[in-house]
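Q: What would the 3D arrangement of this be:
(2 chains)
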2 protein chains.
Amino acid sequence: MMFNFIKLESKIMNSQIAKEIRICFVGESFVNGIGDPECLGWAGRICVDANTKGYDITYYNLGVRRETSTELKQRCLREVSYRLPQESDGRVVFCFGVNDTTIENGKTRVAIKDSITNTRDILKETQKLYPVLMIGPLPIGDPEQNQRIANLSQEFLKICSELDIPYLDVFPVLLKSEIWIDEIKNYDGAHPRTAGYAELAKIVQNCEPWLNWFE
Amino acid sequence: MMFNFIKLESKIMNSQIAKEIRICFVGESFVNGIGDPECLGWAGRICVDANTKGYDITYYNLGVRRETSTELKQRCLREVSYRLPQESDGRVVFCFGVNDTTIENGKTRVAIKDSITNTRDILKETQKLYPVLMIGPLPIGDPEQNQRIANLSQEFLKICSELDIPYLDVFPVLLKSEIWIDEIKNYDGAHPRTAGYAELAKIVQNCEPWLNWFE
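A: Sure thing, here's the model as predicted:
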């Protein structure tokens, strides 16, 4: 009797000490953390932060360079559901859209109406299976493309509001960040480096919907 | 003329300063870095190290918990080729096999003859497209399973020798590592923590086939 009680209590204590959560981060190069020589990007940093707070995070980074929302839609649920079995506590964080707005052969890689359809489809399918959080597309070093990214971010906000998915519109915040903008200018015109990603990580890890996952 | 010359020279200099290499790390939980609160594991650490040496590594971590070689075979080339387009300088590092040797319902999850077939198939298909490096399966906290892992590692060595793929047999080295074994015992019986992964990273980043990739 006594022994069983102690075992039970120790189980509860373990789950309090290190609650296991598996998170897939899905999107483009900014999710992968391109430009960060420390190989963490913002996604890795917010998982490290959650670990320091006593969680036991399984961190699946599914960011792929150059990927558009059209491409992402094809592989998203297959890769995510393979990593987040239903018996685990799985969550999904999205951040994409910048590549959709790049001009190639005189037009954007994805038309805005298709970006909207893709995004709605991706989010609707994923939220059937997992809690979802969406981070808006990020500003880069090109003012004209930034205008298109800002427009897309507003559309994503509407979709997330419809679907009742928390949406973090980081675009205007990062556009005013000297660290973010300077690192991009001094690197490849699109990606920041360690300090920029650390800045974004701070914003995400302190936002309400992310904190609500760790109550 | 002068302008073209300067552009060309600056291109060469850039490629010397930061040669871009994209690497997929494919395997099970040990590739993901389960147990490392710093979210780097050994794979992240060796990429950080290459970055400090002046390379520009795109780090794709495709480690999936609980995955056997039978399961890996199904998704490997699809996920890898999606991330490593032929026009990029792509490489693949494998590390798997421990899950194959786990006993479930009175037998190993994968019979050793199937592990061998799977591994040969995976490596043969991948080496057609990319340079490949294989890290052998790692010791855990269970002596009986470790015997099966050691056997499997010897089989993997033979396959890699046949296929002319560099193979790093880390099993005997880590079995003697107090850091590796103690961290596993004090965590979940299978995975180390930060110091153990750092130790493995040091072994891999100093091995000849890895160094040959960065000449």
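Q: Could you point out the longest helix of chain A?
A: Using DSSP state H to assign secondary structure, the helix with the most residues in chain A is helix A:143-163.
Q: which residues touch that one?
A: A:97-98, A:100-103, A:108, A:112, A:115-116, A:119-120, A:123-124, A:127, A:134, A:136-140, A:165-167, A:169, A:171-172, A:175 (C-beta atoms under 8 Å, 6 or more residues apart in numbering or on different chains). Using the backbone N, CA and C atoms, a C-beta is placed for each residue, glycine as well.
Q: Next, the buried residues of that helix.
A: Residues A:145-146, A:148-150, A:152-153, A:155-157, A:159-160, A:163 are the ones in helix A:143-163 that count as buried (16 or more other C-beta atoms under 10 Å in any protein chain shown).
Q: among the contacts of helix A:143-163, which are in helices?
A: Per DSSP H, these map to helices at A:112, A:115, A:116, A:119, A:120, A:123, A:124, A:127, A:171, A:172, A:175.
Q: how about the last one, what does it touch?
A: Shown here is residue A:175, whose contacts under the criterion C-beta under 8 Å, 6+ apart are A:139, A:146, A:181.
Q: Could you do the fourth one as well?
A: Residues in contact with residue A:119 (C-beta under 8 Å, 6+ apart) are A:69, A:97, A:155, A:156, A:159.
Q: which bits of chain A sit near chain B?
A: A:22, A:32-34, A:37-40, A:44, A:47-48, A:51-52, A:57-61, A:64-65, A:75, A:79, A:82-83 (C-beta under 8 Å from any C-beta of the partner chain).
Q: so where is chain A shaky, pLDDT-wise?
A: Where chain A drops to pLDDT under 70, the residues are A:1-17.
Q: Can you show me the strands along chain A?
A: In chain A, the strands defined using DSSP state E lie at A:19-27, A:55-63, A:90-95, A:103-104, A:107-108, A:132-135, A:167-168.
Q: before we move on, back to that, tabulate the ones in helices among the contacts of helix A:143-163 (JSON lines), appending distance to residue A:214.
A: Shown next, in JSON lines, are the ones in helices among the contacts of helix A:143-163 (distance: C-beta to C-beta, whole Å):
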{"residue": "A:112", "distance to residue A:214": "34"}
{"residue": "A:115", "distance to residue A:214": "31"}
{"residue": "A:116", "distance to residue A:214": "31"}
{"residue": "A:119", "distance to residue A:214": "26"}
{"residue": "A:120", "distance to residue A:214": "28"}
{"residue": "A:123", "distance to residue A:214": "22"}
{"residue": "A:124", "distance to residue A:214": "25"}
{"residue": "A:127", "distance to residue A:214": "19"}
{"residue": "A:171", "distance to residue A:214": "25"}
{"residue": "A:172", "distance to residue A:214": "26"}
{"residue": "A:175", "distance to residue A:214": "28"}
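Q: got a winner among those residues for most neighbours?
A: Greatest neighbour count in the ones in helices among the contacts of helix A:143-163, by other C-beta atoms under 10 Å in any protein chain shown, goes to residue A:115: 27 neighbours.
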